[in-house]
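Peer 1: sequence first, then the predicted structure:
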Amino acid sequence: ARMRDTGRTHTRLSVIERESATAPGTLRINAIWDLPAFLQERGVNVADVLAAAGVRSDLFGHPDHLIEYVDLERLLLECERRLDCDHFTLLLCQRSRLVDMGLAGSIALCAATAGEGLQNFIDHFNLHDTAATVSLVPSGDFVHFVYAISEPGMSDTRHFQVGGVTIAYNIMQDLCGRDWLPAEVTFASRSPSNLRPFQKFFRAPV
């Protein structure tokens, strides 16, 4: 699939879930590097959250540290409980840009065109995240930019879906410019308690 650099490109951001029998998938912590600051700004003790979630205390000591998806699931759910906010990953991941995606992001930013950059990011995504995939799926006049969870045994993927698609939106704007907007944004989970923050951020049907 190719993205045009000029004219109107219709894109749907979406998320699906898949299961596969693979080794535990991991994510570079740089994807949510601002989580400690995000919690501190809201009066939440970061050390207490990490301890309650059962993850290493020095997790945010370096952006290349890895976290397994099952551990990240516990961490995100603990954050939701402490913050009493079921869409906090929408707010958190608005801070994540293509430059935070490690080598995959760097290769994308060095491309000559937006389409080439996006394909480069997709081709190297597994250097950043081994528990999910991203892909382009053509559908008539539209192209779906899909974030798919491939890690088995996940019990609650809401925050992964919201965070993944929020970052995907930022990636598209980094490549195509801040005027780019999706035609539609879809999630494979129950609706959050308040859709207004989603509609305000994505500026598209959710």
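Peer 2: Thanks, I have it.
Peer 1: now do the helices in this protein.
Peer 2: If DSSP state H is used as the criterion, the helices of the chain fall at 35-41, 46-53, 69-83, 88-93, 102-109, 114-123, 158-176, 196-202.
Peer 1: now do the fourth one: which elements does it pack against?
Peer 2: Using 3 or more CB pairs under 8 Å, 6 or more residues apart in numbering; DSSP states H and E as the contact criterion, the secondary-structure elements in contact with helix 88-93 are helix 35-41, helix 69-83, helix 158-176, helix 196-202. (C-beta placed from N, C-alpha, C; glycine too.)
Peer 1: among the ones you listed, which is the most enclosed?
Peer 2: helix 158-176 (a mean of 22; mean count of other CB atoms under 10 Å).
Peer 1: could you give the mean pLDDT of that one?
Peer 2: Over the span of helix 158-176, the pLDDT mean works out to 94.
Peer 1: just checking, Leu91 touches Pro197?
Peer 2: Yes: checked against CB atoms under 8 Å, the pair Leu91 and Pro197 is within contact range at 7.3 Å.
Peer 1: ok, back up a step: and Asp58, which of the helices and strands packed on helix 88-93 is closest to it?
Peer 2: helix 35-41 (11.5 Å; CB to CB).
Peer 1: pull the CA atoms of stretch 165-180 into CSV?
Peer 2: The C-alpha coordinates for stretch 165-180 follow below in CSV (Å, rounded to 0.1, in the frame of the first residue of the first chain):
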residue,chain,number,x,y,z
VAL,A,165,-3.8,4.2,18.2
THR,A,166,-3.0,7.5,19.9
ILE,A,167,0.6,7.0,19.0
ALA,A,168,-0.3,5.9,15.5
TYR,A,169,-2.2,9.2,15.1
ASN,A,170,0.9,11.1,16.2
ILE,A,171,3.1,9.1,13.8
MET,A,172,0.8,10.0,10.9
GLN,A,173,1.0,13.7,11.8
ASP,A,174,4.8,13.5,12.2
LEU,A,175,5.0,12.2,8.6
CYS,A,176,2.2,14.0,6.9
GLY,A,177,2.0,17.3,8.8
ARG,A,178,-0.3,18.6,11.6
ASP,A,179,-3.2,19.2,9.1
TRP,A,180,-3.5,15.4,8.5
